[in-house]
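Colleague: Requesting a structural model of the entry that follows:
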Amino acid sequence: MRIKIALLTFCVACLLNWQVQAGVITNGDFQTCNFDHWQKDTDGWGDPGATGDFSIINNAGECQAEINIDFLNGATVFDANTLFTALDLTTSGDEFRLSFDWSFTSFDLNDDFSDFFFVSLNDGNGNLFGADGNLGFLISPNGATGAGTFSETLAPSFSNQNNWFLDFTVQAGFNPESFSSALTIDNVTLTKVTTEVPEPSTLTILLFALIALSLKNSHFAKKGA
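Modeller: You can find the predicted model right below:
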């Protein structure tokens, strides 16, 4: 009996925290092993074509995207390479959580003239924003070799908006060593989370009704025995 009541209580508790989640970035994990649903730009001139600026790393079917400025690997960039995708933020009243994995490799000097990367939300007019809805970056310009996972909930001001893009940019530096840096990205997700909480009175009635039904069924089962 205690097990049944505990189970019913758990089910009602689940109703209190019911969340609807849906991914709204297509091919964010690059498991198509290509750039479907992503766009490439080199120096503001658009897709450079079949060059070494952008590539897919295929590790036995586990694919990642790489943005490269290494001329020795066939890159053509002079200023910057950007890989970007459109974001679906048009659902009103939802919160959105953005996550991705990144890894940056550079053999530059990590000074003011070195290669660096940054990640940002683009409003479609070239203005860059952070997760807080203010002008800025999701990850500020960084030239140090490293890796990490970004995961933050976007500000409510992004809700029910359109024409937004997620930009991953590698900026070429001006040191003699500024020719061998790359940014790898994977597992890019934008999840909308909607929490629906039924009225307390409804929950109370439902909980007691379920418990009463369980008690009744148990009573008849004992009589029958």
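
Colleague: all contacts plus neighbour counts: C-alpha atoms, from now on.
Modeller: Will do.

Colleague: low-scoring stretches of the chain, by residue?
Modeller: Low-confidence segments of the chain (pLDDT under 70): 1-23, 92, 194-225.

Colleague: so where do the helices sit in it?
Modeller: 2-16, 200-224 (DSSP state H).

Colleague: Pull out the buried positions in stretch 33-49.
Modeller: 33-35, 38, 40-42, 47-48 (16 or more other CA atoms under 10 Å).

Colleague: farthest-separated two in those?
Modeller: Cys33 and Thr42 (20.7 Å; CA to CA).

Colleague: where along this protein do the strands fall?
Modeller: 18-23, 39-42, 54-59, 62-68, 80-89, 95-106, 116-122, 128-129, 139-142, 146-153, 161-171, 181-196 (DSSP state E).

Colleague: For those strands, give me JSON lines that also has distance to Gly74.
Modeller: Shown next, in JSON lines, are the strands of the chain (distance: least, CA to CA, whole Å):
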{"stretch": "strand 18-23", "distance to Gly74": "34"}
{"stretch": "strand 39-42", "distance to Gly74": "13"}
{"stretch": "strand 54-59", "distance to Gly74": "10"}
{"stretch": "strand 62-68", "distance to Gly74": "9"}
{"stretch": "strand 80-89", "distance to Gly74": "13"}
{"stretch": "strand 95-106", "distance to Gly74": "16"}
{"stretch": "strand 116-122", "distance to Gly74": "19"}
{"stretch": "strand 128-129", "distance to Gly74": "28"}
{"stretch": "strand 139-142", "distance to Gly74": "23"}
{"stretch": "strand 146-153", "distance to Gly74": "23"}
{"stretch": "strand 161-171", "distance to Gly74": "15"}
{"stretch": "strand 181-196", "distance to Gly74": "13"}
